[in-house]
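Undergrad: with the sequence up front, the predicted model follows.
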Amino acid sequence: MASKRAIILHESDTVANVVEPVEAGDMVEARIGQRIVPVRATESVPFGFKIALIDVPKGGDVLKYGEVIGRASQPISAGQLVHVHNLEGARGRGDLQAR
């Protein structure tokens, strides 16, 4: 079975965008330039959505574009779909200013 494809947008990113639908158990090859980061999907990831490249603990930063796009609202394992169910926004939130 051929690997599914994903794109990493910045060297420091902890997520990649899949460029084709992914099913649980699929091997995904996330690329940035010549570098390939392999990850096995633990659940379905729809086209264009984010897949975790590494384990992120609850409260840990999630990076895309080399920037923090939010924090994990629960632990995220490598290979999981990253979306609103496990990611909370961190920008423009006054309640997070004390962090």
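TA: Yep, that arrived.
Undergrad: tell me how far the ends of stretch 46-63 are from each other?
TA: Criterion CA to CA, to the nearest Å; first-to-last residue distance in stretch 46-63 is 19 Å.
Undergrad: how about stretch 47-67?
TA: The first-to-last residue distance of stretch 47-67 comes to 22 Å (CA to CA).
Undergrad: and that stretch, average pLDDT?
TA: Averaging pLDDT along stretch 47-67 gives 97.
Undergrad: begin at 10, not 1, for the rest of this chat.
TA: In the new numbering, first residue 10, that becomes stretch 56-76.
Undergrad: who touches that stretch?
TA: The contact list for stretch 56-76 (CB atoms under 8 Å, 6 or more residues apart in numbering) reads 15, 17-31, 37, 39, 46, 48, 50, 54, 77-92, 96, 99. C-beta here means a position set from N, CA and C on the backbone, and glycine is covered the same way.
Undergrad: in this protein, what residue spans correspond to strands?
TA: 13-16, 24-27, 36-41, 44-49, 59-61, 70-73, 76-81, 90-91, 96-97 (DSSP state E).
Undergrad: how about CSV for those, with mean neighbour count added?
TA: Shown next, in CSV, are the strands of the chain (neighbours: other CB atoms under 10 Å):
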stretch, mean neighbour count
strand 13-16, 18
strand 24-27, 22
strand 36-41, 17
strand 44-49, 14
strand 59-61, 23
strand 70-73, 19
strand 76-81, 17
strand 90-91, 23
strand 96-97, 18
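Undergrad: in this protein, which ranges drop under the pLDDT threshold?
TA: Scanning the chain with the threshold set as pLDDT under 70 gives 10, 100-108.
Undergrad: distance from stretch 15-27 to the middle of the chain?
TA: The chain centre lies 7 Å from the centre of stretch 15-27; the measure is CA atoms, centre = their mean, to the nearest Å.
Undergrad: now the end-to-end length of that stretch.
TA: 4 Å.
Undergrad: stretch 25-41 too?
TA: End residues of stretch 25-41 are separated by 9 Å (CA to CA).
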